[in-house]
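Asks: Here's a sequence, model it:
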Amino acid sequence: MIRLASSSPTRAELLKNAGIDFIQESVDFDEESIVATSPKNFVYLATLGKFEANLRAFGYEEHPLLVADTVVTAGGKILRKAKSVEEARDILLTQSGSVATIITCMIFQSKSMKIIDISKTDYIFKEFDLNEIENYLKSGDWQGKAGACMVEGFCKAYIKSVKGYESTAMGLNTELLKTYLINTQKD
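Replies: Prediction:
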């Protein structure tokens, strides 16, 4: 049993689908204070900040601790979580007909190991239909999503090609995590 220190329902679903037992609870960390020049640097600093805050709150002795953060980048910009419909629209238009890279960093700490991983998945998107963008924005499903992007939802129909794991794009590289957890159980 691990502690998922994230309020993300998508990350919880990924763990459930991977067959990893977990409890979900976390303390907040203010990502707005991060100053970073690259997407990789940003996602690492955000994950590290979340890890340190949750480590202080929960430790890892009772349950191994897992934290993660995800950032989307396209057009040379870091596309964070949109704060308004207008910002979400601009972010989606930046990804439309472009390459979007989704970078996820995770830190896992147990008594016997610590994993720090930064993985990425690249998507080449077709042009988004403007009416469909508006319907997606009205749905509110973009809220709380890095880059307002849902590769398992709205963006799925527009994927021309993909390089990397969908789980990474959804917020947690469960393929890698599961490999480590299985190998640790054999020891």
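Asks: Below-threshold pLDDT in this structure: ranges please.
Replies: Applying pLDDT under 70 to the chain flags the ranges 183-187.
Asks: need the contact list for the closest residue to Ala36 other than its chain neighbours.
Replies: Sequence neighbours aside, Phe42 is the residue nearest to Ala36 in space, at 3.6 Å (criterion: CB to CB, 6 or more residues apart in numbering). Yep, even glycine has a C-beta here, placed from its N, CA and C like the rest. Listed by CB atoms under 8 Å, 6 or more residues apart in numbering, the contact set of Phe42 reads 34, 36, 71, 78.
Asks: Could you verify that the last one is part of a helix?
Replies: What it means is Ile78. No. The assignment for Ile78, made by DSSP: H, G, I helix; E, B strand; the rest coil, is strand rather than a helix.
Asks: and the residue lying closest to it once chain neighbours are set aside, how many neighbours?
Replies: With CB to CB, 6+ apart as the criterion, Ile78 has its nearest non-adjacent residue at 5.1 Å, and that residue is Pro39. Residues lying near Pro39 (other CB atoms under 10 Å) number 22.
Asks: I'd say Pro39 and Ile102 touch.
Replies: No. Using CB atoms under 8 Å as the test, Pro39 is too far from Ile102 to be in contact (9.4 Å).
Asks: For Asp28, give its distance to Lys145.
Replies: Noted for Asp28: a distance of 18 Å to Lys145, by CB to CB, to the nearest Å.
Asks: Likewise for Val35?
Replies: 22 Å.
Asks: Who has more neighbours out of the two?
Replies: Lys145 (24 against 7).
Asks: quick one: secondary structure of the closest residue to Gly97 other than its chain neighbours?
Replies: Nearest residue to Gly97, sequence neighbours excluded (CB to CB, 6+ apart): Glu127, at 4.2 Å. Three-state assignment for Glu127 (three-state DSSP): coil.
Asks: burial measure for Glu127, as a count.
Replies: With other CB under 10 Å as criterion, Glu127 counts 10.
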